[in-house]
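In: kindly generate the corresponding structure for this input.
(one chain, ligands or ions: 1)
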Amino acid sequence: DFSVYNAIMKGTLVHCLSLHKDDFQLWNDAIVGVSEKGTISFVGNGCDVKTLSEVYGFSVDQVTNLGRKFLIPGLIDTHLHAPQYAFTGTGTDLPLLEWLNRYTFPIESKYADLQIAEHAYTKAVKRVLSLGTTTGCYYATIHLPATKLLVQIINQLGQRAYVGKVNMDRNSPETYVESTENSLKDTEEFIQYCLASGEEGKRLVTPIITPRFVPSCTTELMTGLGRLAAQYNVPIQSHISENCDEVKWVKDLHPECESYTDVYEKHNLLNEKSVMAHGVYLKDEELQKFADAGAGISHCPTSNFQLASGVFNVRNALDKGVKVGLGTDVAGGYSSSMWESIRQAMNASNTFRFGREFNSVGYREAFALATVGGAEVLGLGERVGNFWPGKEFDALIVDPFVEGGPFDVFEWENEEQIFEKMVMMGDDRNIESVFVGGKLVAGTSKV
Ligand SMILES: O=c1[nH]c(=O)c2nc[nH]c2[nH]1
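Out: Residues are numbered from 1 along each chain as shown. Have a look, this model is predicted:
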């Protein structure tokens, strides 16, 4: 059991104080102190190590020198489906609604079997941790026992997470559907199970209410889930406006509502604790409702490209004051790597400037979306996302010079260029250590 409690590290620190591109900070020779609780006690300039050692009461030889390795915040995946991990990178030939019926529902229905769940969930969580995802916002399946098991696995492996038991009581296959009553009962039991697993503030896993999307939930179910969300003061996640056929279907199902956003709003499922995935086809008035409600969007560009859903305009949403984070959306997304999501977010944003003024999300902003952006969307802005003192030490040690790594570094390149290469070309070979709350959860630590 390795940890960096009570440790002091010197290295190149890269993080973002906010989503604004001027709030990107890269400090050569930074010093980061981690408390005995695994939180960040201070951040300073390595040139002042002597003064810092007097102020914070450590001895200079206690400092671990990481050399030219980077110290960066852990990545935050605001949308992924744990049961779909097993078929990531396959089933790339169908649009959303056909893809759900052909590939997704048959696989998810297998998680009634706890052996399958244990095997696949363990692989999924280990994989995303090794890629540097320190917080994941997960969908499980409709099955209560397997969803509880996912919580246990995440707790054992030490990841920070939101986990939702999926709710589906209409328009679903016979083998993968539940009654409204059972759906609500199991959801409440799941919430209580998670909340009982540890004290607020110390628990790694938070329960999240998870109506799959409007087409698979009746009004009665959505109303009940809105009530549970309020009663237990827990977050909510769902999908919204991902694909044209889906948007049209929701319009047909709910002629009484003005928009897709309005359906969630009318069922008390749109508030400052909501994380809605995709939002590709949201109209400006709907984005305004998001901004007014303080609801967040999980932008999942890898998935939007793979399922040919459409392209979300991040810049427009940010300009409207909407909170945005990034998600892999495994397995709509072909990669469980948040590094891929960062790159695809840049590509997605570039499509809006073909032949026009340069206004895309660059690598600094995309990195910010994957860290501070995700933290805000999940309501964890006070606890994770960057190296602000007092926050949890959810961090990665990244080695851009690793033997056999995915890119080369040249003598004339400066630290920012090297970091840019990491963002654009890096992978788990470069990730030496992954810490959650100061605890080593993947990789090896030489600290
Ligand atoms: O990308 C997606 N993945 C899913 O599993 C899903 N369910 C509803 N809508 C969805 N979109």
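
In: show me what the residue nearest the centre of the chain is bridged to.
Out: Geometric centre of the chain, nearest residue: residue 77, 1.6 Å, by CA atoms, centre = their mean. On the basis of DSSP bridges, residue 77 is bridged to residue 136.

In: gap between it and the ligand?
Out: Remark: distance between residue 77 and the ligand (CB to the nearest ligand atom, to the nearest Å) = 14 Å. Placement of C-beta: from N, CA and C, glycine included.

In: which helix or which strand is home to the closest residue to residue 122 other than its chain neighbours?
Out: Excluding the flanking residues, the one nearest residue 122 by CB to CB, 6 or more residues apart in numbering is residue 153, at 5.5 Å. Element membership of residue 153 [criterion: DSSP states H and E] is helix 144-157.

In: tell me the pLDDT at whichever residue of the chain sits closest to the ligand?
Out: Residue nearest to the ligand within the chain: residue 332 (3.3 Å; CB to the nearest ligand atom). With respect to pLDDT, residue 332 scores 98.

In: one step back: contacting residues for the residue nearest to the centre of the chain?
Out: The contact partners of residue 77, taken as CB atoms under 8 Å, 6 or more residues apart in numbering, are 128, 133, 135, 136, 137, 326, 327, 328, 338, 341, 374.

In: quick one, domains of the protein?
Out: Split into domains by automatic domain parsing, the chain comes to 7-73+385-443, 75-377.

In: mean neighbour count, these: which tops it?
Out: Each of the domains of the chain was scored by mean neighbour count; the highest is domain 75-377, a mean of 21, by mean count of other CB atoms under 10 Å.

In: and it, how far out from the chain middle?
Out: Relative to its chain's centre, domain 75-377 lies at 9 Å (CA atoms, centre = their mean, to the nearest Å).

In: the contacts of residue 77 in helices, which ones?
Out: 128, 338, 341, 374 (DSSP state H).

In: got CSV for these, with distance to the ligand and pLDDT too?
Out: Shown next, in CSV, are these (distance: CB to the nearest ligand atom, whole Å; pLDDT from 0 to 100):
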residue, distance to the ligand, pLDDT
128, 16, 98
338, 16, 98
341, 13, 98
374, 17, 98
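
In: so the residue nearest to residue 122 makes contact with residue 123?
Out: No: the pair residue 153 / residue 123 is not scored as a contact, 9.9 Å apart, by CB atoms under 8 Å.

In: got a list of what the spatially closest residue to residue 198 that is not a sequence neighbour touches?
Out: Leaving aside its sequence neighbours, residue 198 sits nearest to residue 204 (CB to CB, 6+ apart; 7.4 Å). By CB under 8 Å, 6+ apart, the contact list for residue 204 reads 154, 155, 158, 159, 160, 161, 198, 436, 437.

In: flag whichever of those residues scores worst on pLDDT.
Out: The lowest pLDDT within the contacts of residue 204 belongs to residue 198, with 83.

In: in what helix or strand does it lie?
Out: For residue 198, there is no helix or strand it lies in under DSSP H and E.

In: how much space between it and residue 393?
Out: Going from residue 198 to residue 393 by CB to CB, to the nearest Å gives 18 Å.

In: among the contacts of residue 77, find me the one that's closest to residue 55.
Out: Nearest to residue 55 out of the contacts of residue 77 is residue 135 (CB to CB; 30.7 Å).

In: surely that closest one is in contact with residue 394?
Out: Yes: with contact defined as CB under 8 Å, residue 135 and residue 394 form a contacting pair (6.8 Å).

In: show me whatever sits in contact with both of these two.
Out: By the contact definition CB under 8 Å, 6+ apart, residue 135 and residue 394 are jointly contacted by 74, 160, 384.

In: neighbours around the first one, how many?
Out: Same thing as residue 74. For residue 74, the count of nearby residues is 27 (other CB atoms under 10 Å).

In: can you tell me the closest non-neighbouring residue to it?
Out: Leaving aside its chain neighbours, residue 74 sits nearest to residue 134 (2.6 Å; criterion: CB to CB, 6+ apart).

In: quick check: next helix or strand after the helix or strand of the chain with the lowest mean pLDDT?
Out: The least trusted helix or strand in the chain, going by mean pLDDT, DSSP states H and E, turns out to be helix 49-56, with a mean of 89. Downstream of helix 49-56, the first helix or strand assigned by DSSP H and E is strand 63-73.

In: between that following strand and helix 49-56, how big is the angle?
Out: Strand 63-73 runs at 80 degrees relative to helix 49-56, counting by axes from the mean of the first three to the mean of the last three CA atoms, to 10 degrees.
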